[in-house]
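In: Any chance you could fold what I've pasted below:
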Amino acid sequence: MFPVHQLAVWLLMASIPVMACGCCAGSSPKREAEETARLQKSCDASHAKDCGLLGVRYANGLGVPKDMARAYAAYQRACDLGDMPGCSVVGYDFEAGQGVPRDLVRAVSFYKKACDGGDDWGCTSLGEMYEKGKGVPFDRAAAIRLYRQGCRSSQGACDDLRRMGETP
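Out: Below is the predicted model of the structure:
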């Protein structure tokens with residue numbers, strides 16, 4: 001697996017035009033600062049995707065100093081506004097203790113919210129929690145069901161099913 005915030009970049013960028021990020025090659029520090037300010041203003045105006053993009057910038061130090069607490073706050077706002085990939089990232093932040101204290105029960109609740117909202121990565125992550133008994137009791141059947149949901153768009157979930165001796 002690759003770092004979650006690289007996944008967050010992919011999840012968020014997959015649904016928007018590349019130029020909206022403002023972090024393209026050759027971008028100046030001034031342009032980066034302007035883009036961050038634009039995203040902050042848009043997030044403050046309740047645009048969920050821009051809150052997620054703001055989180056990506058803080059998590060990866062794109063035009064701003066890397067700040068996991070601010071990244072978490074932006075992802076949390078995205079989730080609160082209905083952005084399910086944002087909820088998955090918040091779940092990971094609680095699972096890994098990135099920007100917030102580690103809390104596996106809260107991680108499970110955010111992964112569940114994301115999965116219930118149709119985010120396949122949330123389903124895959126929740127499946128892993130059930131498979132490993134992290135924040136929930138071990139439940140092989142639940143893990144398989146959740147990995148199957150995640151397998152709709154996540155090769156990793158399909159690989160997890162095969163590893164468990166199941167067909168995707």
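
In: Going by C-alpha atoms from here, please, whenever you check contacts or count neighbours.
Out: Fine.

In: Would you mind confirming that Ser125 is in contact with Ser109?
Out: No. Ser125 lies out of contact with Ser109 (Cα atoms under 8 Å); the separation is 11.1 Å.

In: okay, these two: which has more neighbours?
Out: The residue with more neighbours, out of Ser125 and Ser109, is Ser125; 27 against 18, by other Cα atoms under 10 Å.

In: what helix or strand does that one sit in?
Out: According to DSSP states H and E, Ser125 maps onto helix 120-132.

In: for the record, mean pLDDT for that helix?
Out: Helix 120-132 shows a mean pLDDT of 97.

In: and it, what does it pack onto?
Out: Applying 3 or more Cα pairs under 8 Å, 6 or more residues apart in numbering; DSSP states H and E, one finds that helix 120-132 contacts helix 84-96, helix 104-116, helix 140-150.

In: Using a markdown table, please lay out these together with mean pLDDT.
Out: What follows is the helices and strands packed on helix 120-132, written out as a markdown table (pLDDT from 0 to 100):
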| stretch | mean pLDDT |
| --- | --- |
| helix 84-96 | 97 |
| helix 104-116 | 98 |
| helix 140-150 | 97 |
